[in-house]
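A.B. asks: No letters, just coordinates:
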């Protein structure tokens, strides 16, 4: 028995005082209406209606049950309206995950601009270096970078653009130790790679004048998994390191870091927004994905132009 449907039918019969009139409103037959109410009474083990040849009236139990049914059905109708509205009007809390450097440099500015257009959406942003299970951990979407194509999964992937890293060092380090002029010169310097599941720790892959080239890395005596922390170490003069363009840009512009081998850049990464499903997609997720799909290419192009 469909309890909610039976409740709706019972309310219609109580309002109309007639099985026939209720059946007409519900677009069903009088016999089906009568059977549904009989099944509901059997389920409750209580008589809800007095039946006569001319009219149907409520019993005492029926009057009490009618009040509860009206309250319950009003809540159900409101919940259904809110759920349907969530697919049309962006509102409520949007939980987003992103890696620390991507989040600070790109996702936060995107959120600020997005909320100017959609103030009814509140944002809960988590920045971390671990890749979450967004369904189990309750995120609406995550922004991730990958070297290769994303593995097949049940998640929908929206491509946002590409980023790359560049080699940097402090001016003081380069004055003291000299600036490398070729990739081979790097072997005379301590070189630092971000500790990441994306990048291999034992080599750099460069794109430059001679196409793609690989440079083997010696084991570094310092490792860190956040680009901003590596930038601090490089400013302190530890050596030469690879920084994402989002992190390197401000330090290069201020002169705190200098670009090393500017004709080279490290292998590009592809950025994606990942979310669970296209079907019945909530308006806050849909509009945010649409917004960053337009926003990211502009901010990425701006960073790339500044780095040259």
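C.D. replies: In hand now; what should we look at? Note that this is a predicted model, so its numbers are computed, not measured.
A.B. asks: Check which residues of the helix or strand containing residue 65 are buried.
C.D. replies: Using DSSP states H and E, residue 65 sits within helix 60-86. By neighbour count on 16 or more other C-beta atoms under 10 Å, the buried set for helix 60-86 is 62, 65-66, 69, 86. In short, each C-beta sits where N, CA and C put it, glycine included.
A.B. asks: Quick one: these as CSV, columns for distance to residue 120 and pLDDT too.
C.D. replies: Below are the buried residues of helix 60-86 laid out as CSV (distance: C-beta to C-beta, whole Å; pLDDT from 0 to 100):
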residue, distance to residue 120, pLDDT
62, 42, 88
65, 38, 90
66, 36, 89
69, 32, 90
86, 11, 53
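A.B. asks: can you name the two of the residues you listed that are farthest apart?
C.D. replies: For those, the farthest-apart pair by C-beta to C-beta is 62 and 86; their separation is 35.6 Å.
A.B. asks: which of the buried residues of helix 60-86 lies closest to residue 96?
C.D. replies: Checking the buried residues of helix 60-86 one by one against residue 96 (C-beta to C-beta), the nearest turns out to be residue 86, at 16.9 Å.
A.B. asks: what sits against residue 110?
C.D. replies: By C-beta atoms under 8 Å, 6 or more residues apart in numbering, the contact list for residue 110 reads 291-292, 295-296, 299.
A.B. asks: next one: residue 20
C.D. replies: Contacts of residue 20 (C-beta under 8 Å, 6+ apart): residue 30.
A.B. asks: ok, now residue 69?
C.D. replies: Applying C-beta under 8 Å, 6+ apart, the residues contacting residue 69 are 7, 10-11.
A.B. asks: Turn these into a markdown table, including secondary structure, pLDDT and neighbour count.
C.D. replies: Formatted as a markdown table, the contacts of residue 69 follow (DSSP: H, G, I helix; E, B strand; the rest coil; pLDDT from 0 to 100; neighbours: other C-beta atoms under 10 Å):
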| residue | secondary structure | pLDDT | neighbour count |
| --- | --- | --- | --- |
| 7 | helix | 88 | 20 |
| 10 | helix | 89 | 24 |
| 11 | helix | 89 | 17 |
